[in-house]
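Participant: Could you look at this predicted model? Sequence included:
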Amino acid sequence: MIGVENVEIDRAGIRRLESVQEFQELTGGDYLLRTDAAPEESLAGQDAGWFAEDGGFAFGGTREDGVVDWLTVIAVPEAARALLDHVMGDLARPPKGISVPRGTDLSGIEIAEPEPWDYMVFDPAWGVELAVQPGEDRVVELLPSPEADAEIGDFLKVANPSHSAKPGWDAIRAWGVVRDAEGQLLACGAYCRRSGGNGYLASIGTHPDARGQGLGAAVSAWLTRRSLTGGDGFCSLGHWYPNEPARRVYARLGYRTTHRMMSGRLGGLAA
């Protein structure tokens, strides 16, 4: 995440950008931005971005009618509200929801079911080696299909009821799964990739009866390896906060927390 020295953002210093490449250069190649947008794409079509000269930036995907579906603000918490207010004033209508740094002042903004989460990254450029995990050899690939989606969907209701990537979602490219001798699922995880973005992991879950065997770490390592060997420059994931057991698993693999966020759907603005 880029730093912000001045907490008061000069609105005149906030500008809307139309080039993802320029956006990424200005933001120092922010990991969360790179997960969502490719440098060769234009922000004028399906995405919109704002950059504050004093630090911080915001971006969001747009629909065909030009409405921003979801707005993400990246800045230190003390500066995020001023940037959020500017962008909201620049939009024709409020987005469906927002993601902002935890600690952002959201007074006067109604957030439905706010969800705190952490974004973690594994980057080989850090010199961290992804060690083979016990049980990783048991992980096999399961490609999305109506049958696979139904099986995974039923499994995640038990293994990870709050999973974020729903089976059948277009961004899911493959599942990594572990089965018992009878073929029943014990653990799973999704490798996802939005159009043009960098790969990331989601919906990692282990059956309650199979926990404590390291299967979550095995699936996470296998999926991370698949991401990197498939051409991703880094691999990332998000997990709800607080979730110390999950954080420890990912940290042992070499993941680092780069963003501490809060997301939620907008309910309304106070007068």
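Facilitator: Okay, I see it. Numbers count the residues shown, from 1 in each chain.

Participant: how about the helices in the protein?
Facilitator: Secondary structure of the chain, counting by DSSP state H: helices at 20-26, 31-36, 77-90, 146-159, 215-229, 244-253.

Participant: how about the strands of the stretch 51-200 of the chain, start to end?
Facilitator: Ranges of strands in the stretch 51-200 of the chain, per DSSP state E, counting those that start in this stretch, are 57-62, 68-74, 97-101, 109-122, 140-142, 172-179, 185-192, 200-206.

Participant: Please find the angle between the direction vectors of the fourth one and strand 200-206.
Facilitator: For strand 109-122 against strand 200-206, the angle between stretch directions is 90 degrees (axes from the mean of the first three to the mean of the last three CA atoms, to 10 degrees).

Participant: ok, residues contacting strand 109-122?
Facilitator: Contact with strand 109-122 is made by 31-32, 98, 102, 128, 130, 224, 228, 234-242, 247, 250-251, 253-270, as judged by CB atoms under 8 Å, 6 or more residues apart in numbering. Any C-beta I mention is one placed from the backbone N, CA and C, and that applies to glycine too.

Participant: what's near enough to touch the residue nearest to residue 141 when sequence neighbours are not counted?
Facilitator: Closest residue in space to residue 141, ignoring its immediate chain neighbours: residue 174 at 5.3 Å, by CB to CB, 6 or more residues apart in numbering. Residue 174 sits next to 141-144, 190-191, 226 when contact means CB under 8 Å, 6+ apart.

Participant: from those residues, which would you call buried?
Facilitator: 142, 144, 190-191, 226 (16 or more other CB atoms under 10 Å).

Participant: Tell me which two in these are the farthest apart.
Facilitator: Maximum pairwise distance in the buried ones among the contacts of residue 174, criterion CB to CB, is 14.4 Å, between 144 and 226.

Participant: What residues are bridge-paired with the nearest residue to residue 97 once chain neighbours are set aside?
Facilitator: What sits nearest to residue 97 in space, not counting adjacent residues and going by CB to CB, 6+ apart, is residue 265, at 4.2 Å. Bridge pairing for residue 265 (DSSP bridges) gives the partners residue 97, residue 112.

Participant: Hmm, residue 263 and residue 97 touching each other?
Facilitator: Yes. If you go by CB atoms under 8 Å, residue 97 and residue 263 touch, sitting 6.5 Å apart.

Participant: More neighbours: which of those two?
Facilitator: residue 97 (21 against 17; other CB atoms under 10 Å).

Participant: List the contacts of the more buried one.
Facilitator: 69-71, 263-266 are the contacts of residue 97 under CB under 8 Å, 6+ apart.

Participant: and residue 248, what does it touch?
Facilitator: Not one residue lies near residue 248 by CB under 8 Å, 6+ apart.

Participant: So for it, what pLDDT did the model give?
Facilitator: We have a pLDDT of 96 for residue 248.

Participant: Check the gap between it and residue 72 for me.
Facilitator: Residue 248 is 26 Å from residue 72, where distance means CB to CB, to the nearest Å.

Participant: do residue 117 as well
Facilitator: Distance, residue 117 to residue 72, by CB to CB: 12 Å.

Participant: The two: which has the busier surroundings?
Facilitator: The neighbour count for residue 117 versus residue 72, taken as other CB under 10 Å, is higher for residue 72 (22 against 18).

Participant: Now the more buried one: closest residue in space that isn't a chain neighbour?
Facilitator: residue 99 (4.4 Å).

Participant: how about the one you found, what does it touch?
Facilitator: Counting by CB under 8 Å, 6+ apart, residue 99 has contacts 70-73, 261-263.

Participant: one more time with 7 Å, if that's ok
Facilitator: Shown in contact with residue 99 (CB atoms under 7 Å, 6 or more residues apart in numbering): 72, 261, 263.
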